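S.K.: A predicted structure for the sequence below; I have some questions about it.
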2 protein chains.
Amino acid sequence: MADTNNLVEAAAAATIRVGVDVVVFTIRDDALHVLLAPAGSDWSLPSDLIRTDETVDATARRALAHVAGSGDVWLEQLYTFGDVHRVPTTRVVSVAHYALVSADVLTATGSRAARWWPLATLPRLVLDHRRIIDYALTRLRNKLAYTTVGFQLLPARFTLSELQRVYEVILGRDLDKRNFRRKLEQLGIVKPTREQRVAGSGRPAQLYRFVATEAPEAIGAPEPAIAAQPVVQLARISPVLRRRGRAVPTVPATEGRR
Amino acid sequence: MADTNNLVEAAAAATIRVGVDVVVFTIRDDALHVLLAPAGSDWSLPSDLIRTDETVDATARRALAHVAGSGDVWLEQLYTFGDVHRVPTTRVVSVAHYALVSADVLTATGSRAARWWPLATLPRLVLDHRRIIDYALTRLRNKLAYTTVGFQLLPARFTLSELQRVYEVILGRDLDKRNFRRKLEQLGIVKPTREQRVAGSGRPAQLYRFVATEAPEAIGAPEPAIAAQPVVQLARISPVLRRRGRAVPTVPATEGRR
DNA sequence: ATTGCCTTGTGTCGCACATACACTATCATC
DNA sequence: GATGATAGTGTATGTGCGACACAAGGCAAT
């Protein structure tokens, strides 16, 4: 039975599975949350195995649609985790992704028992999922600083204060309102809409919408399949500290230069 | 024959192979080169299939050692290419990497028929390898601008002019000698050695060595398995153009602001 | 209608830093 | 010792980042 032999051979050579894990971020109550699915007593990232007739990207979107409602969400490949024993039983290489969804989409959390967990108090996680989340977070921070991904966490229309809050929450530091708005205006990536209001308490706020720039420099790749982002710096990851008060009047800089 | 059935089942479920491609960069004759292996009438990136008992990273290093001599080279994961038909015959998902080797290591190009090709005149490439190289290049450019990877392309001791040349070649633009050196000194990432000389023609140059900073901010990930790089900006990808001559004396900036 | 409360929205100044720019120093070669 | 070639060095200028405080516009309670 040559046929069977071929199959046996194939099975022996290809005992590696390829999976996909997706870290889904959103912002709720001024805090970053990730979407987790129950897995026994622990929790797990939305994940799935790649089918032979399916792009890696497609698998990620499928895994995402399982738990969150579908709709178009921003999704990017993160890293491929290929440790030998990351799954104890079999060999599974995982192509990790991360996704950003707006807080209004998230309420329509698709069916399953998935829950949003604040990053500060994550439950016990399956396998190496904790590590994946950690990495996704640092990547998100970096990307936030020099691209416009931040807008993906907001609905189509938003106030500038909401936008600023997104940045503050993710970067973990406060931003100056006036500097933030100046930067936005200078970049020209938001446009005011006619609508106002939203909040209940104070002065009504202007609603803005995101205006994509034509990406003078694409980061990522020329290929459309690889997410490309315009390079803009909306905020630094960590601010350049400005020494206040009696700053040494540029003294030993010239001399100390050697 | 339950045994055979299981195997057949396994073979059907796991017909996805996982490969690794490595884009090896070096600098020769003031130009970026990549290492390619002959593949029929076309050329191919160094690549290999992942073994079940082997980390993805280990596979990359193995593929690298095949063609280039081993030794420790800087290697980073790039992207996982998972199109269904990227390999016509079977389904192979490729975890692409890129590596930087110094020009002196490269002369000891390990055994095989691999050759260095200047990026400007690449030969016909197998599969989607051209696309992988393109992506690796944009990633290298970006990474060069805000990390210290550039040093990986040089031997342990180098002159500042050599270092500057690396940056110029990769960024594709000239840098100002004085500004470049001032920035280096200010960052404190190079230290002069006792040795001098190298060249044959002009004034002998001081030799420097790279001094790693303690990475106040790591980019990449907290996990050691994922390459972490200190954040330093040695040069911008594209310079901020300075309008020369009769610059409008800050006039409509205030008024034109809205 | 007035008051208090809460959030939005706006301008300036100082400093650090990126950019532009030109000449001297030191070696080898002829 | 003249020529050629590369190494090495300082200054002036504009701009963007960061720090900082108060008036405006709604709602709600009185």
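M.R.: Perfect, I can see it now. Numbers count the residues shown, from 1 in each chain, chains lettered A, B, ... in the order given.

S.K.: for the stretch 151-258 of chain A, which spans come out with low pLDDT?
M.R.: For the stretch 151-258 of chain A, the stretches flagged by pLDDT under 70 are A:198-199, A:213-230, A:241-258.

S.K.: How are the strands of it distributed by residue range?
M.R.: Here the stretch 151-258 of chain A has its strands, by DSSP state E, counting those that start in this stretch, at A:157-158, A:190-192, A:208-210, A:218-219, A:229-230.

S.K.: what secondary structure does the residue lying closest to A:I170 once chain neighbours are set aside sit in?
M.R.: Once flanking residues are discounted, A:I170 sits nearest to A:L144: 5.4 Å by Cβ to Cβ, 6 or more residues apart in numbering or on different chains. Glycine gets a C-beta too; all of them are placed from N, C-alpha and C. At A:L144, secondary structure determined by DSSP: H, G, I helix; E, B strand; the rest coil is helix.

S.K.: again with A:A136
M.R.: Per three-state DSSP, A:A136 ends up helix.

S.K.: on that earlier part again, neighbours of the residue nearest to A:I170, just the number please.
M.R.: 20 (other Cβ atoms under 10 Å in any protein chain shown).

S.K.: now A:G188
M.R.: Neighbour tally, A:G188, other Cβ under 10 Å: 10.

S.K.: And it, its phi and psi?
M.R.: phi 70, psi 30 (degrees, to the nearest 10).

S.K.: likewise A:P123?
M.R.: According to degrees, to the nearest 10, A:P123 has phi -80, psi -180.

S.K.: leaving aside the residues next to it on the chain, what's closest to it?
M.R.: Excluding the flanking residues, the one nearest A:P123 by Cβ to Cβ, 6+ apart is A:W43, at 4.8 Å.

S.K.: what about A:I170, how many neighbours?
M.R.: A:I170, neighbours per other Cβ under 10 Å, totals 24.

S.K.: Roughly how far does it sit from A:A120?
M.R.: 13 Å (Cβ to Cβ, to the nearest Å).

S.K.: Can you tell me which residue of chain A sits closest to DNA strand C?
M.R.: A:G202 (1.9 Å; Cβ to the nearest atom of the strand).

S.K.: Counting by contacts, list what the helix or strand hosting A:A58 packs against.
M.R.: Here A:A58 sits within helix A:56-67, counting by DSSP states H and E. Helices and strands touching helix A:56-67, as assessed by 3 or more Cβ pairs under 8 Å, 6 or more residues apart in numbering or on different chains; DSSP states H and E, comprise strand A:16-28, strand A:47-49, strand A:74-81, strand A:91-100.

S.K.: bridging residues for the residue nearest to A:P123?
M.R.: A:P38, A:L125 (DSSP bridges).

S.K.: can I get the helices and strands packed on helix A:56-67 in a markdown table with mean pLDDT, mean neighbour count and distance to DNA strand C?
M.R.: A markdown table is the format used below for the helices and strands packed on helix A:56-67 (pLDDT from 0 to 100; neighbours: other Cβ atoms under 10 Å in any protein chain shown; distance: least, Cβ to the nearest atom of the strand, whole Å):
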| stretch | mean pLDDT | mean neighbour count | distance to DNA strand C |
| --- | --- | --- | --- |
| strand A:16-28 | 94 | 23 | 15 |
| strand A:47-49 | 94 | 19 | 37 |
| strand A:74-81 | 94 | 22 | 24 |
| strand A:91-100 | 95 | 24 | 22 |
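
S.K.: So which of these is nearest DNA strand D?
M.R.: strand A:16-28 (21.6 Å).

S.K.: What strands flank that closest one, and is each parallel or antiparallel?
M.R.: Strand A:16-28 has the following strand partners under DSSP bridges: strand A:31-39 (antiparallel), strand A:47-49 (antiparallel), strand A:91-100 (parallel).

S.K.: tell me the mean pLDDT for the first one?
M.R.: Throughout strand A:31-39, pLDDT has a mean value of 93.

S.K.: mind listing what's buried in it?
M.R.: A:32-37 (16 or more other Cβ atoms under 10 Å in any protein chain shown).

S.K.: Of the residues you listed, which is the nearest to DNA strand D?
M.R.: With Cβ to the nearest atom of the strand as the yardstick, the closest approach to DNA strand D among the buried residues of strand A:31-39 comes from A:L32, at 21.4 Å.

S.K.: The closest one bridge partners, please.
M.R.: A:I27.

S.K.: who touches it in this structure?
M.R.: Going by Cβ atoms under 8 Å, 6 or more residues apart in numbering or on different chains, A:L32 touches A:25-26, A:118-119, A:137, A:169-170.

S.K.: let's go with 6 Å and repeat that
M.R.: A:25, A:119, A:169 (Cβ atoms under 6 Å, 6 or more residues apart in numbering or on different chains).

S.K.: Pull up the gap between the second one and A:V24, please.
M.R.: For A:L119, the distance to A:V24 under the criterion Cβ to Cβ works out to 12 Å.

S.K.: same deal with the last one?
M.R.: The gap separating A:V169 from A:V24 is 16 Å, by Cβ to Cβ.

S.K.: again, but for A:P192
M.R.: 30 Å.

S.K.: could you say which helix or strand contains A:R130?
M.R.: Going by DSSP H and E, A:R130 is in helix A:129-146.

S.K.: Where does the stretch 101-250 of chain A get nearest to DNA strand D, which residue?
M.R.: Closest point on the stretch 101-250 of chain A to DNA strand D, by Cβ to the nearest atom of the strand, is A:R203, at 3.1 Å.

S.K.: What is the burial count for that residue?
M.R.: A:R203: 7 neighbours (other Cβ under 10 Å).

S.K.: contacting residues around it?
M.R.: A:R203 touches nothing, counting by Cβ under 6 Å, 6+ apart.

S.K.: can you give me the helices in the stretch 151-258 of chain A?
M.R.: Remark: helices assigned in the stretch 151-258 of chain A by DSSP state H, counting those that start in this stretch are A:160-171, A:177-187, A:251-256.

S.K.: I'd like the ones you listed as JSON lines, with distance to B:R131 appended.
M.R.: Formatted as JSON lines, the helices of the stretch 151-258 of chain A follow (distance: least, Cβ to Cβ, whole Å):
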{"stretch": "helix A:160-171", "distance to B:R131": "31"}
{"stretch": "helix A:177-187", "distance to B:R131": "31"}
{"stretch": "helix A:251-256", "distance to B:R131": "47"}
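
S.K.: Could you identify which of these is most buried?
M.R.: When the helices of the stretch 151-258 of chain A are scored by mean count of other Cβ atoms under 10 Å in any protein chain shown, the highest mean neighbour count falls to helix A:160-171 (a mean of 19).

S.K.: Just want the angle from it to strand A:91-100.
M.R.: 150 degrees (axes from the mean of the first three to the mean of the last three Cα atoms, to 10 degrees).

S.K.: Does DNA strand C have contacts with helix A:160-171?
M.R.: Yes - Helix A:160-171 lies within reach of DNA strand C by Cβ under 7 Å from any atom of the strand, at A:160-161.

S.K.: Save the contacts of A:L32 as JSON lines, and put in distance to B:R236 too.
M.R.: Output for those, formatted as JSON lines (distance: Cβ to Cβ, whole Å):
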{"residue": "A:F25", "distance to B:R236": "29"}
{"residue": "A:L119", "distance to B:R236": "32"}
{"residue": "A:V169", "distance to B:R236": "29"}
